[in-house]
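Student: What would the 3D arrangement of this be:
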Amino acid sequence: MKQKDYEIAKKLKERLSETVSLVDFRVFGSRARGSGDEYSDMDVFIEIEFIDKKLKEKISDIVLEIGFEDFVVIFPLIFTKEEIEDSPLRLSPIVKNIMEEGIIV
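Tutor: So this is what the prediction gives:
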């Protein structure tokens with residue numbers, strides 16, 4: 001991952017941590033691989049204890065704010081701890097890929 005992308009992800013994680021208890025936070029996709037360009041979106045995996053509509057809106061607002069500040073489109077993939085550990089989702093190809101190749105920030 002490029003240093004600038006890491007710094008953006010770190011800032012996003014810090015800002016999210018002020019609002020929500022994060023279980024896991026990873027960058028995945030082209031920016032994690034270092035193959036993204038200035039027009040590539042930043043894919044982030046966000047795992048939290050629980051989610052409701054209000055919390056999801058807060059997360060979305062923070063993601064938009066950081067993206068706007070740093071001129072990058074950030075695409076959050078948000079899951080609860082229960083979904084990752086106890087549902088069929090844990091076996092999905094995207095989650096497996098994120099766990100194997102995603103960069104922990």
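Student: tally of neighbours for residue 43?
Tutor: Neighbour count of residue 43, defined by other C-beta atoms under 10 Å: 21. The C-beta positions use only the backbone N, C-alpha and C, and glycine is treated the same way.
Student: helix/strand/coil for it?
Tutor: strand (DSSP: H, G, I helix; E, B strand; the rest coil).
Student: One more: residue 77?
Tutor: strand.
Student: any idea how far residue 12 is from the spatially closest residue to it that is not a sequence neighbour?
Tutor: Nearest residue to residue 77, sequence neighbours excluded (C-beta to C-beta, 6 or more residues apart in numbering): residue 45, at 5.2 Å. Using C-beta to C-beta, to the nearest Å, residue 45 is found at 12 Å from residue 12.
Student: count of residues packed around residue 28?
Tutor: By other C-beta under 10 Å, the residues close to residue 28 number 21.
Student: Hmm, residue 98 and it touching each other?
Tutor: Yes. In terms of C-beta atoms under 8 Å, residue 28 counts as a neighbour of residue 98; the distance is 4.8 Å.
Student: Common neighbours of these two, please.
Tutor: Counting by C-beta atoms under 8 Å, 6 or more residues apart in numbering, the contacts common to residue 28 and residue 98 are residue 45.
Student: tell me what whatever helix or strand residue 56 lives in is packed against?
Tutor: According to DSSP states H and E, residue 56 maps onto helix 53-70. If contacts are counted by 3 or more C-beta pairs under 8 Å, 6 or more residues apart in numbering; DSSP states H and E, helix 53-70 sits against helix 3-17, strand 42-48, strand 74-80.
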